[in-house]
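In: Return a 3D structure for these sequence lines:
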Amino acid sequence: MNLTRWNPMQEMEDVTSRLNRFFGPAAMRWPAVEGGETFADWAPAMDVEEGDAEYLLKADLPAMKKEDVKISVQDGVLSIEGERRQEKEETGRKFHRVERSYGTFLRRMALPTDVDQKKVVADFKDGVLSIHMPKSPVSTARRLDVKIN
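Out: Below is the predicted model:
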């Protein structure tokens, strides 16, 4: 009888692999980020940070061009949509593993009420989409002391 060493991590990897094959590609999709709706097979990862003067949203869009992305603001909702196209298999080339997600995506998220929607701007550099959402000057937080009668 041969003794083999049990590796619990390999066992977990095998179970995960079997479950992924059973449920198919749907099990590999990114979940919607809290507060943002996803309407596609995949969604770019996003970070939203707040500064004194603006909110900054950064979305990872590797292997995409700015022409492939459309951004709009309407009725307090920011929409980001686009498409990442998959490389076509050519003669003499084979894909042994494809893990990156492809296809169209649409992300929508409600903007904070203090965003000046007319001044929202975006830039795209090195596969990262940055959307600058300036705060309205009216929304500057001030402390008011209230007298108690």
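In: make it CA atoms for all contacts and neighbour counts henceforth
Out: Noted.
In: helix/strand/coil for Met12?
Out: helix (DSSP: H, G, I helix; E, B strand; the rest coil).
In: what's the pLDDT at the closest residue to Val77 other than its chain neighbours?
Out: Using C-alpha to C-alpha, 6 or more residues apart in numbering and skipping residues adjacent in sequence, the residue nearest Val77 is Ala110, 4.5 Å away. Each residue has a pLDDT score; the one for Ala110 is 91.
In: The chain should start at 15 in everything you say after this.
Out: Let's use 15 as the start, then, which means that last one is Ala124.
In: Distance of Ala124 relative to Ile94?
Out: 12 Å (C-alpha to C-alpha, to the nearest Å).
In: Look at the two and report which has more neighbours.
Out: Comparing Ala124 with Ile94 by neighbour count (other C-alpha atoms under 10 Å), the higher total belongs to Ile94, at 18 against 15.
In: which residue packs closest to the more buried one, ignoring adjacent ones?
Out: For Ile94, the spatially nearest residue (C-alpha to C-alpha, 6+ apart) is Ile85, at 4.7 Å.
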